[in-house]
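1. Below are the sequence and a predicted model; questions follow.
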Amino acid sequence: MTEFGANLVAMVTPMQPGGALCEPGLARLVDHLLATGCDGLVVGGTTGESPTLSGAESAGLIRAVVARTGDRARVIAGVGTHDTATSVRRAREAEAAGADALLLVCPYYSRPTQAGVLAHCRAVADATELPVMLYDVPARTGLAMTPATLIELAGHPRIRAVKDAKGDLSEAMTVMSRTSLAYYCGIDELNLPYLACGAAGLVSVVANVAAGRTADLIRTVRDGDLERARAINAELIPVTDRLMRSGTGAANAKAALADLGIIPHASVRLPLVEAQTA
């Protein structure tokens, strides 16, 4: 899926102490991610602390990342909110800012019916000419997209992929078998099984610090070398556990990037609190 890439990173949003956006840190982060093997940069997603970003900040981030990236990778903009009108506006702003695709989370907090989810996703997909990756993450939204909803949404000409953070491999394989949706694993702990089941790629927090290894994992699975893929996955388990199983992924990834000297600060915005060590 060249319109999204395969080795996608759920990139952090570098910030100064106090919460202001850090433009030098953003530039260095983009350079690092491209140099280490990312072919898709997800801007303003969960790991980018999207709930704390204003519309102007989100659009500015997209413009800056697009300018720095050029044609070296795809830029996927997180535009989903709990409000359809706001999500539509952010989708249009992302398109104007130069994004290549949109990431659309299931609407949260309101807990609409599946009919409401369908209407919300179609409204956002209709708002631009950009391809859309749905983001199914019920642990955060309080609401899952059902297989029937995903299959119906696959009929929309611009809804072409799913970032699956649900973790139900049986369901994922069922939807993949019945649609042309490209699946992307959104749970780093399950990257290998999702790839083995036919996922097109990853949207990875771990790729902030280990994109070369996640690229190797994707490549070895595609080559059919599952023994080597299992070895790479085993090498990734310690960093995955450190980033994803204690505290929050965004704070831990920032701490790791600051320790590596890639971004100058590990600062996050409340209600997240800074991780002291990665």
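-> Looks like it arrived, so ask away. This structure is a prediction, so every number in the text was calculated from the model and none was measured. Residues are numbered from 1 along each chain as shown.
2. Okay, now the unreliable bits of this protein?
-> 1-2, 277-278 (pLDDT under 70).
3. ok, now with 90
-> Within the chain, the segments meeting pLDDT under 90 span 1-3, 245-247, 276-278.
4. What segments of it are strands?
-> 7-10, 40-43, 74-78, 101-105, 132-136, 159-164, 182-185, 201-204 (DSSP state E).
5. Partner strands of the last one, with direction?
-> Within its sheet, strand 201-204 is paired with strand 7-10 (parallel), strand 182-185 (parallel), according to DSSP bridges.
6. So what touches that strand?
-> Outside strand 201-204, the residues that touch it by C-beta atoms under 8 Å, 6 or more residues apart in numbering are 1, 4-10, 40, 42, 45, 103, 163, 182, 184-186, 188, 191, 194-195, 211, 214, 217-218. Yep, even glycine has a C-beta here, placed from its N, CA and C like the rest.
7. 6 Å - rerun?
-> 6, 8, 9, 10, 42, 163, 184, 185, 186, 188, 191, 214 (C-beta atoms under 6 Å, 6 or more residues apart in numbering).
8. and if you look at stretch 58-70?
-> 26-27, 30, 41, 43-44, 75, 77, 93-94, 97-99.
9. filter those to the buried ones?
-> 26, 30, 41, 43, 44, 75, 77, 93, 94, 97, 99 (16 or more other C-beta atoms under 10 Å).
10. Can I get these in a markdown table including distance to residue 107?
-> A markdown table is the format used below for those (distance: C-beta to C-beta, whole Å):
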| residue | distance to residue 107 |
| --- | --- |
| 26 | 28 |
| 30 | 29 |
| 41 | 24 |
| 43 | 20 |
| 44 | 16 |
| 75 | 23 |
| 77 | 17 |
| 93 | 18 |
| 94 | 17 |
| 97 | 22 |
| 99 | 20 |
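11. for those residues, which one is nearest residue 15?
-> residue 26 (9.5 Å; C-beta to C-beta).
12. How far away from the center of its chain is stretch 120-132?
-> 17 Å (C-alpha atoms, centre = their mean, to the nearest Å).
13. same deal with stretch 129-148?
-> Using C-alpha atoms, centre = their mean, the offset of stretch 129-148 from its chain centre is 12 Å.
14. Any buried residues in that stretch, and which?
-> Judged by neighbour count (16+ other C-beta under 10 Å), stretch 129-148 contains these buried residues: 130-137, 141, 143-145, 147.
15. go on, stretch 49-61?
-> Neighbour counts over stretch 49-61 (16+ other C-beta under 10 Å) mark 49, 50, 53, 57, 58, 59, 60, 61 as buried.
16. sorry, back to before: now the contacts of strand 201-204 in a markdown table, with neighbour count and distance to residue 175?
-> Output for the contacts of strand 201-204, formatted as a markdown table (neighbours: other C-beta atoms under 10 Å; distance: C-beta to C-beta, whole Å):
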| residue | neighbour count | distance to residue 175 |
| --- | --- | --- |
| 6 | 23 | 19 |
| 8 | 33 | 19 |
| 9 | 35 | 24 |
| 10 | 29 | 21 |
| 42 | 32 | 21 |
| 163 | 30 | 13 |
| 184 | 31 | 13 |
| 185 | 26 | 14 |
| 186 | 29 | 14 |
| 188 | 25 | 21 |
| 191 | 28 | 18 |
| 214 | 28 | 23 |
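17. Let me see the ranges of the helices in this protein.
-> In the chain, the helices defined using DSSP state H lie at 23-35, 55-69, 84-97, 114-127, 138-141, 147-153, 169-178, 191-196, 207-222, 226-244, 249-259.
18. Quick check: which of those is buried the most?
-> helix 249-259 (a mean of 23; mean count of other C-beta atoms under 10 Å).
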